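Visitor: below is the sequence, then the predicted model.
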Amino acid sequence: MKKWISGLLITISMSSMATTPALDAEVQADIQQHKAMATAHQAAALCLESGKSHEVCQKQLQAACKGLAIGKYCGMRHEH
């Protein structure tokens, strides 16, 4: 049974690799930028969860996003 599951997982992995298009350098850079922004926003959420003030967490977010996204909200703005 374990061999059957392993075989199935390998088959699924191989078939998904075959359908994944090759990504050019610009798309890869865009992906990395989105991941970096997501990491910065996750850190801001954890900062707020820790009980720190919105102002403190916002300053940390702005520092983490410097040069990464347009504007002072790191590519994301919502109501506050």
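Guide: Received, thanks.

Visitor: what segments of the protein are helices?
Guide: 2-19, 25-49, 54-65 (DSSP state H).

Visitor: weakest of those helices in terms of mean pLDDT?
Guide: Looking at those, the lowest mean pLDDT belongs to helix 2-19 (a mean of 57).

Visitor: I'd say residue 75 and residue 64 touch.
Guide: No: applying Cβ atoms under 8 Å as the test, residue 75 and residue 64 come out as separate, 11.7 Å apart. Bear in mind the C-beta positions are built from the backbone N, C-alpha and C, glycine included.

Visitor: ok, residues contacting stretch 22-32?
Guide: Applying Cβ atoms under 8 Å, 6 or more residues apart in numbering, stretch 22-32 has no contact partners.

Visitor: mind saving the C-alpha coords of it as PDB?
Guide: Extracted in PDB, the C-alpha atoms of stretch 22-32 (Å, rounded to 0.1, in the frame of the first residue of the first chain):
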ATOM      1  CA  ALA A  22       8.600  28.000 -17.500                       C
ATOM      2  CA  LEU A  23       8.700  31.400 -15.800                       C
ATOM      3  CA  ASP A  24      10.800  34.200 -17.200                       C
ATOM      4  CA  ALA A  25      13.000  36.300 -14.900                       C
ATOM      5  CA  GLU A  26      10.500  39.100 -14.600                       C
ATOM      6  CA  VAL A  27       7.800  36.800 -13.400                       C
ATOM      7  CA  GLN A  28      10.200  35.100 -11.000                       C
ATOM      8  CA  ALA A  29      11.200  38.500  -9.600                       C
ATOM      9  CA  ASP A  30       7.500  39.500  -9.200                       C
ATOM     10  CA  ILE A  31       6.900  36.300  -7.300                       C
ATOM     11  CA  GLN A  32       9.800  37.000  -4.900                       C
END
